[in-house]
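Visitor: model this:
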Amino acid sequence: VYSSKPEDELEFHWSVDMALRLLKDKQACHGVASSKDSKWCEWLAQLPTHVLTPLEFTEDEVAALGDDGLAAEVRVMQQCVGASYEV
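Guide: As a prediction, this is how the structure comes out:
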C-alpha cells in the first residue's frame, strides 16, 4: 500500500483489511518453516487462485444481471477501477 501515513494509522474498509491479512498470511505459509505451522496455512492452500468478480463481467453479462440498479453499480465500479489502472 502506497501511503504517506505509517501502517498503524491507515484505515481500510474491512474487506481490504481482510484481503491484506490473508495475503500476508498466505505469503508467510510459503516462507520460513516455522511460519508454515500456522493454523491458517492448510485452509489458505485450499482457496482458489482466481475468483470471477463483476469487475470482469462483459457488458452482456452485466446486462443479464436483470437489475438496472445493480448493473449501474457494476459499471461504475468497472469504470473506477479501469481509470485507476489506465496508463
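Visitor: which secondary structure elements does the helix or strand containing Leu22 contact?
Guide: According to DSSP states H and E, Leu22 maps onto helix 14-29. Applying 3 or more Cβ pairs under 8 Å, 6 or more residues apart in numbering; DSSP states H and E, one finds that helix 14-29 contacts helix 41-45. Quick note: C-beta positions are derived from backbone N, CA and C, even for glycine.
Visitor: After the helix it packs on, which helix or strand is next?
Guide: helix 59-63.
Visitor: could you say what helices and strands that following helix packs with?
Guide: Judged by 3+ Cβ pairs under 8 Å, 6+ apart, the packing partners of helix 59-63 are helix 68-85.
Visitor: elements contacting the helix it packs on?
Guide: helix 59-63.
Visitor: Please list the residues outside the helix it packs on that contact it.
Guide: For helix 59-63, the external contacting residues (Cβ atoms under 8 Å, 6 or more residues apart in numbering) are Pro54, Ala71, Val74, Arg75, Gln78.
Visitor: In contact with the fourth one, which residues are there?
Guide: Think Arg75. Val62.
Visitor: What does the pLDDT read for it?
Guide: On pLDDT, Arg75 comes in at 95.
Visitor: Filter the contacts of helix 59-63 down to just the buried residues.
Guide: Among the contacts of helix 59-63, the ones that count as buried by 16 or more other Cβ atoms under 10 Å are Ala71, Val74, Gln78.
Visitor: So the first one is in contact with Leu65, correct?
Guide: Yes. The pair Ala71 / Leu65 is scored as a contact, 5.1 Å apart, by Cβ atoms under 8 Å.
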